[in-house]
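Trainee: Here you go, sequence then predicted model.
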Amino acid sequence: MYLDDIKKKTVHHKFENQYDEILFFKYTKPKFVSKLIYYNQIYKIETRRPYGGKRVLRKYLLKELNKLKCFFDDQLEFYKYYRTGSTYLDHKYFVRNKHDIKFNLSN
C-alpha cells in the first residue's frame, strides 16, 4: 500500500537535483523496501517449510540459508560499496535512467 504510493509519486517526480535523487534512492526508499523483502522472504521460507522431523527441517533451512548466502555473494561488490558508505558510484547505482549494462556485468 505505502510502497505503491511511493512508487506512483516517484515515477514521475522530478528531483530538484541529482543529489536529492541519490539521497532518496540510497537512503529513504531502502528503509521501506528492505522490510518488504525481509518479511516476504520469511513468509516464503515459513510457508514452504516441510513436514518432518528435525533432520528434514535442518536440511531445508540449510538449503534456504545457502540460497541467501549465494545471493549476497553475487551482490558482494554492491553490498560492500553500500555498507562502507562509499559515494563514488552513486550516480550509477542511485539515479534513474542511468542504467549501464556493462557496469552491471562487471560486478
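Mentor: That came in fine, so what should we check first?

Trainee: Now do stretch 16-32: everything it contacts.
Mentor: Here stretch 16-32 makes contact (CB atoms under 8 Å, 6 or more residues apart in numbering) with 2-3, 6, 10, 15, 82, 90-91, 93-96. Bear in mind the C-beta positions are built from the backbone N, C-alpha and C, glycine included.

Trainee: if you set the cut-off to 10 Å instead, what comes out?
Mentor: Stretch 16-32 is contacted by residues 2-3, 6-7, 10, 13-15, 37, 82, 87, 90-91, 93-96, 98 when judged by CB atoms under 10 Å, 6 or more residues apart in numbering.

Trainee: And that stretch, what's buried?
Mentor: When burial is assessed from 16 or more other CB atoms under 10 Å, stretch 16-32 yields the following buried residues: 21-22, 24-25, 29.

Trainee: So the spatially most central residue of the chain: helix, strand or coil?
Mentor: Among the residues of the chain, residue 34 comes closest to the average C-alpha position under CA atoms, centre = their mean, at 6.3 Å. Here residue 34 is recorded as helix under DSSP: H, G, I helix; E, B strand; the rest coil.

Trainee: which ones are touching it?
Mentor: Contacts of residue 34 by CB under 10 Å, 6+ apart: none found.

Trainee: same deal with the one 3 residues further on?
Mentor: Residue 37 makes contact with residue 30 under the criterion CB under 10 Å, 6+ apart.

Trainee: Point out the other helices and strands that the longest helix along the chain packs with.
Mentor: Selection of the longest helix in the chain by residue count, based on DSSP state H, yields helix 54-74. Applying 3 or more CB pairs under 10 Å, 6 or more residues apart in numbering; DSSP states H and E, we find helix 54-74 packed against helix 29-47, helix 76-83.

Trainee: next one: it to chain centre, how far?
Mentor: 18 Å (CA atoms, centre = their mean, to the nearest Å).

Trainee: and the residue in the chain sticking out farthest from the centre, how far is that from residue 60?
Mentor: Within the chain, residue 53 marks the point farthest from the mean C-alpha position, 33.0 Å out by CA atoms, centre = their mean. Per CB to CB, to the nearest Å, residue 53 is found 11 Å from residue 60.
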